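In: okay, here's the prediction I keep looking at, along with the sequence it came from:
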Amino acid sequence: MTRRALKASERASDAKTKLSSPWASAVAIILAILWTLPTLGLFITSFRKPADISGPTATGWWTIFTNPSFSLDNYDKVLTGGASSLGSFFLNSFVITIPAVIIPIALALLAAYAFAWIPFKGRNFLFVAIFALQVVPIQVTLIPLQSQYVAWGLAASFWPVWLSHTIFGLPLAIFLLHNFMKEIPREIIEAARVDGAGHVKIFFRVLLPLLVPAIASFGIFQFLWVWNDLLVAIVFAPSANLAPLTARLAELSGTQGANWQLPAAGAFVSMAVPLIVFLALQRYFVRGLLAGGVKG
Amino acid sequence: MFDFSSSFWDWFLRPTTAVEKISVMVVAILLFALIVGAIIVAVDRPKIPNWLVVGGFLGPVVLVIGGGLFYPALRTLWVSFTATRDALGDNGKKIINPSTGQVTKEDYFYGFGNYGKIFSDGALQKVLLNTAMWVILVPLIATAIGLVYAVIIDRSRFEKFAKVLIFTPMAISMVGASIIWGFVYDFKDPSVVDNQIGLANQVLVWLGLNPVDFLRYWPWNTFALIVVMIWIQAGFAMTLLSAAIKGIPDDVIEAAKIDGASGMRLFRSITIPSIRPTLVVVITTIAMTSLKSFDIVRTMSRSNEEMSVVANEFYTQQFTRGQPAIAAALAVLLFIIVIPIIVYNVRQMRISEGMR
């Protein structure tokens, strides 16, 4: 897998056009539409008039094609509508996500550097141990962590959320960054050493520029993971002052019952950011997947 | 531990306005940048011993992972073997804390009692059964669909476009996916309301059938949730399998073609064996994800506990039922089921390390 497979896949897709068959193209389009239909349905719903979505005169979203009527009411209500507004939750999502992406990257870079380029006793054992801890279900750690945060006086603030996401993200971050670091030719590092470069210089001048794709790759993983997380959020950020969009949305979809207009618009407000990140950077995302950066 | 009454700590721990939240976020980032920077500068001296460099670089990580992952896991393991005795003890007498004189509850060693409860309690047995359905059905179906998609889409003209659309559910939150599918499954009682607004039921109506309350009756409601997970994971399977198929060397395929293999034969005797390692990785990864699946069940099952799975039941037992020991045992069970996958992954990694 990994690099070799990726290169091969790029090569193969260059030679693609002559192999493509018309029926495969047709089926591919049908599959893609089929897969997008649930999302499309909710997306269209989010732009319909509230009376068309719930209540006695409600009709399915597909009727919009024969009887088009659009409105921004739902988004207006979701974004600015007082008690049920998502604005502050949106901010909380950012406040939670940004440090929870940056902190593990910073710590993991240090560790990956040591694992890749500094020989020491027990290196392999420690590395394998950290790799194995990647799959520890976070449920196993939540409650002792919570009592620890309470004992430190950090509970019910953003700190437990940041720290927890750092803890859960680190094993994957170290593994991914280490794999990419190892692929950097030894000669480059050695040449820098001969020139008298210390760790700082090697780290910032030589390795960091080469690691941008790896950092981007893990960054997207962690961003999507943290932004989309529900479990850590409802355990460690239980108050409205701290809760991110996902927690609020889960609550909305539970309490709003048949009133689909609010969850519909809310879902797309919460999905906008990760979708933009994903579509803009999906190349790196796929690359991370193929490099074994796979998170449960 | 600290005096948290000052206004500094108030802001540091309880930011309420947007400005306070953003500034404490910046402070958190700077704090960690400072730590990392200090470590790098400290070890960057000519005559510094190797162990100090390693200690500096790995210290924070070992501290965070050891204290945040390893130790809590052991702690949970311990809690799973305990139970809380009620204020009324075994012999019906109130337990009085001798030092404070207050009525108290106390923890005591309970052995495998919590595990016994999980396996003998009817509701929890259903939770285990649901979990088994998730862990078996999601990986198999999602991988099968992903494989079919990979083969078809790789041969189409719209490869990139179709792949992005099918892969996109991976990027949206499971909460978002739950809302999307909750809407697809929406059910209107036909004796009350004429129009279905959920696509799934409208399709049934178009076919001349009666609408179904998909999320109501077990085990169909669990299948309905499993479909959501398959919808999310198939794109993941497709991406990895497509890369693996393209990684099969051309000469192998050429040779098989010269031998007269084509179509299904080529697929069965060349493609499948060549991508077997990837298939295993995909299946185990999806199995792990499904095992830990919490968000979908939490968001879609509402209060119908028949749909619960281990990962979700953990939360319910801990926070709704106030049964931390049962919750701990469920978490440990999750971990035990994952162990074979960890072992397999480590062995795989060792093998690929050796090849490097």
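Out: Right, received. Where do you want to start? Quantities reported herein were computed from a predicted structural model and do not represent experimental measurements.

In: just checking, which helix or strand of the chain averages the lowest pLDDT?
Out: With no chain named, the answer covers chain A. For chain A, the helix or strand with the lowest mean confidence is helix A:2-14, at a mean of 57 (criterion: mean pLDDT, DSSP states H and E).

In: which other helices and strands contact whatever helix or strand comes next after that one?
Out: Using DSSP states H and E, the next helix or strand after helix A:2-14 towards the C-terminus is helix A:22-46. In terms of contacts (3 or more Cβ pairs under 8 Å, 6 or more residues apart in numbering or on different chains; DSSP states H and E), helix A:22-46 is packed against helix A:261-290, helix B:122-154, helix B:159-167, helix B:174-184, helix B:199-206, helix B:220-246. To be clear about C-beta, it is placed using only N, CA and C from the backbone, and glycine gets the same treatment.

In: one more time with 7 Å
Out: helix A:261-290, helix B:122-154, helix B:159-167, helix B:174-184 (3 or more Cβ pairs under 7 Å, 6 or more residues apart in numbering or on different chains; DSSP states H and E).

In: contact partners of the helix or strand following that helix?
Out: Following helix A:22-46 in sequence order, the next helix or strand is helix A:50-53 (DSSP H and E). With contact meaning Cβ atoms under 7 Å, 6 or more residues apart in numbering or on different chains, helix A:50-53 is reached by A:45, A:57-59, A:69, A:73-74, A:260-261.

In: and residue A:207, what does it touch?
Out: Taking Cβ under 7 Å, 6+ apart as the criterion, residue A:207 is in contact with A:113, A:181, A:184.

In: same question but for residue B:124, I mixed them up
Out: Counting by Cβ under 7 Å, 6+ apart, residue B:124 has contacts residue B:118.

In: low-confidence ranges, the stretch 251-356 of chain B, go.
Out: Residues of the stretch 251-356 of chain B that meet the criterion pLDDT under 70 lie in B:349-356.

In: check residue A:144 and give its pLDDT.
Out: On the pLDDT scale, residue A:144 is placed at 94.

In: what's the spacing between it and residue A:109?
Out: As judged by Cβ to Cβ, to the nearest Å, residue A:144 and residue A:109 stand 28 Å apart.

In: of the two, who's got more company?
Out: Neighbours were counted for residue A:144 and for residue A:109 using other Cβ atoms under 10 Å in any protein chain shown; residue A:109 has more, 25 against 20.

In: ok, for the more buried one, nearest residue in space, not its chain neighbours?
Out: Closest residue in space to residue A:109, ignoring its immediate chain neighbours: residue A:177 at 6.1 Å, by Cβ to Cβ, 6 or more residues apart in numbering or on different chains.

In: and that neighbour, that's in a strand?
Out: No - going by DSSP: H, G, I helix; E, B strand; the rest coil, the assignment for residue A:177 is helix, not a strand.

In: contacts only, for it.
Out: Counted by Cβ under 7 Å, 6+ apart, residue A:177 has contacts A:108-109, A:112, A:211, A:214, A:218.

In: turn those residues into a markdown table, columns for secondary structure, pLDDT and distance to residue B:187.
Out: Below are these laid out as a markdown table (DSSP: H, G, I helix; E, B strand; the rest coil; pLDDT from 0 to 100; distance: Cβ to Cβ, whole Å):
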| residue | secondary structure | pLDDT | distance to residue B:187 |
| --- | --- | --- | --- |
| A:108 | helix | 94 | 46 |
| A:109 | helix | 92 | 51 |
| A:112 | helix | 92 | 50 |
| A:211 | coil | 90 | 51 |
| A:214 | helix | 90 | 47 |
| A:218 | helix | 92 | 42 |
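
In: and these, which is closest to residue B:114?
Out: Nearest to residue B:114 among the contacts of residue A:177: residue A:108, at 35.5 Å, using Cβ to Cβ.
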